[in-house]
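K.L.:
Just need the structure, nothing else, for what follows:
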Amino acid sequence: MLQGRWQVTTVVSTGSTNADLLVRARRGAEAGQVLVAENQTAGRGRFERCWLSPPGSSLSTSVLLRPSRPMTDWGWLSLLVGVAVRDGVAAAGAGDRVRLKWPNDVLVGGRKICGILCEGAGAAVVCGFGINVSQGLDELVFPNATSLLLEGLPTDKTLVLAAILRRFAELVDAWDDGQDVSPDYIAACSTIGRQVRVHLDAEHPDEGTVVGTAVGIGDDGELLVEIDGEIRPFSAGDVVHLR
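P.N.:
Residues are numbered from 1 along each chain as shown. Down below sits the predicted model:
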């Protein structure tokens, strides 16, 4: 059980908090370790995309877990990180403006404020998330991004992280005990019920594209999309909300 067992370490700068914890995981480090960096010089998102921000302007965090559930169930973990971040930011004053976009984007007012990347190392998994905290408009790399500062929300990283870790511990403990956590995710996810375009190849978005209506989340965290009357599961891919 993780509640109350987080071991938080903060560093001024590192290449990647995920990469650092993956090294520790392979050396046998226990679950519950949390690494926070004021600056990441080689941060990564899904599909090896770079995650860059000015030093001190983001909350770059990775968490080490050793789930008892089989690896085939681990797809849920990135979704649970999203719920925890969503609830932590909502508690900071954003309320219902915070929504999730499958599989791992946290949005405030429709703009991305957080990216998530989970990576396995044997029997361990490292869950990383980066939150835009104090960037101004001229410091955001992507046009659809935002920050806590720009949204008029508190920028105290210690308080935001504490709220996220408390919620993440609750969710992971429930999930690892075999409880159904899908209602928590579905309630926060703006993708469900929307017409979506799924790009199956993120590097070549014009190839392998399907359009349908997102109707739910599968047992392993995959997105269920109704296409021409048939419900198909997607465990990976970039999703665009069409309406």
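
K.L.:
Count the neighbours of Cys127 for me.
P.N.:
24 (other CB atoms under 10 Å). For every residue, glycine as well, the C-beta is placed using N, CA and C.

K.L.:
quick thing: my sequence starts at 30, can you match it?
P.N.:
From this message on, residue numbering opens at 30, which makes the last subject Cys156.

K.L.:
where does it fall, phi/psi-wise?
P.N.:
Here is the backbone geometry of Cys156 (degrees, to the nearest 10): phi -110, psi 120.

K.L.:
next one: Pro172
P.N.:
Main-chain torsions, Pro172, degrees, to the nearest 10: phi -70, psi -20.

K.L.:
Next, count neighbours for it.
P.N.:
7.

K.L.:
Over to Phe197?
P.N.:
26.

K.L.:
just checking, it touches Leu109?
P.N.:
Yes. Contact criterion CB atoms under 8 Å: Phe197 and Leu109 qualify, at 6.7 Å.

K.L.:
The chain: strands as residue ranges?
P.N.:
36-43, 62-69, 87-94, 127-130, 134-137, 140-150, 153-161, 224-228, 238-246, 252-256, 259-263, 267-270 (DSSP state E).

K.L.:
List the strands paired with the third one, with their directions.
P.N.:
Applying DSSP bridges to the sheet, strand 87-94 is found paired with strand 62-69 (antiparallel), strand 153-161 (antiparallel).

K.L.:
the inter-axis angle of that strand versus strand 36-43?
P.N.:
When axes from the mean of the first three to the mean of the last three CA atoms, to 10 degrees is applied, the directions of strand 87-94 and strand 36-43 differ by 130 degrees.

K.L.:
and strand 87-94, average pLDDT?
P.N.:
Mean per-residue pLDDT for strand 87-94: 94.

K.L.:
Neighbours of Leu188, how many?
P.N.:
13.

K.L.:
who's in contact with the closest residue to it other than its chain neighbours?
P.N.:
Counting by CB to CB, 6 or more residues apart in numbering, the nearest residue to Leu188 once its immediate chain neighbours are dropped is Ala121, at 7.4 Å. The contact partners of Ala121, by CB atoms under 8 Å, 6 or more residues apart in numbering, come to Leu177, Leu182, Pro183, Leu188, Val189, Ala192.

K.L.:
same thing with Val269?
P.N.:
Contacts of Val269 (CB under 8 Å, 6+ apart): Val225, Arg226, Val227, His228.

K.L.:
now it, which residues is it bridged with?
P.N.:
Val269 has these beta-bridge partners by DSSP bridges: Arg226.

K.L.:
What's the separation between it and Val137?
P.N.:
Here the criterion is CB to CB, to the nearest Å. By it, Val269 lies 18 Å from Val137.

K.L.:
Also Arg126?
P.N.:
Per CB to CB, Arg126 is found 5 Å from Val137.

K.L.:
More neighbours: which of those two?
P.N.:
Per other CB under 10 Å, whichever of Arg126 and Val137 has more neighbours is Val137, with 24 against 15.

K.L.:
hey, what's that one bridged with?
P.N.:
Val127, Arg140.

K.L.:
OK, contacts around it?
P.N.:
Contacts of Val137 by CB under 8 Å, 6+ apart are Val118, Ala123, Arg126, Val127, Thr175, Glu180, Leu182.

K.L.:
Which members of these occur in helices, if any?
P.N.:
Residues of these located in helices (DSSP state H): Val118.

K.L.:
Filter the contacts of Val137 down to the buried ones.
P.N.:
Val118, Ala123, Val127, Thr175, Glu180, Leu182 (16 or more other CB atoms under 10 Å).

K.L.:
confidence score at the closest residue to the fifth one other than its chain neighbours?
P.N.:
By that I understand Glu180. Leaving out its chain neighbours, the residue that sits closest to Glu180 by CB to CB, 6+ apart is Val137, at 5.1 Å. We note a pLDDT of 94 for Val137 in this prediction.
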